[in-house]
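In: Could you look at this predicted model? Sequence included:
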Amino acid sequence: GGLPMPLPLTFTYEDGSTSELVVPASVWRRSRGGKVSKLFLSSKAIARIELDRLDAQADVDPRNNAFPPRIAEGRLRLTKEEEKKNPMQRER
């Protein structure tokens, strides 16, 4: 950490189109406590924003690079439970 880097952003819009924008590293000059705020205006409704989608920069935790967050595949698994009869049904 500590090295100012540009912020490559990918905007995905509700209509499925995307656009790329790179915020220059100079934005970090205005940071307070390592945090920067930036306002983006768009005529289209934004569905998702991703930071460094192409993994071009070193990142310790890329899981926090998107909003809304991406749910990791394989984290949830649906299984069908085999039907078991309860003891009272077996006695019939």
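Out: Received, thanks. Numbering: from 1, shown residues only.
In: mind listing what the residue nearest the centre of the chain touches?
Out: Centrality entry for the chain: nearest residue to the mean C-alpha point is A66, 2.2 Å, by C-alpha atoms, centre = their mean. For A66, the contact set (C-beta atoms under 8 Å, 6 or more residues apart in numbering) comprises R48, I49, E50, L51. Using the backbone N, CA and C atoms, a C-beta is placed for each residue, glycine as well.
In: Could you turn the buried ones of these into a ChimeraX selection?
Out: Typed into ChimeraX, the line below selects the buried ones among the contacts of A66, using 16 or more other C-beta atoms under 10 Å:
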select :49,50,51
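In: how about the strands in the chain?
Out: Ranges of strands in the chain, per DSSP state E, are 7-13, 18-23, 46-51, 66-67.
In: In a markdown table, list these along with distance to E73 and mean pLDDT.
Out: A markdown table is the format used below for those (distance: least, C-beta to C-beta, whole Å; pLDDT from 0 to 100):
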| stretch | distance to E73 | mean pLDDT |
| --- | --- | --- |
| strand 7-13 | 18 | 95 |
| strand 18-23 | 21 | 95 |
| strand 46-51 | 16 | 95 |
| strand 66-67 | 14 | 92 |
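In: With respect to R30, which of those strands lies nearest?
Out: Proximity to R30 (C-beta to C-beta) singles out strand 18-23 among the strands of the chain, at 11.4 Å.
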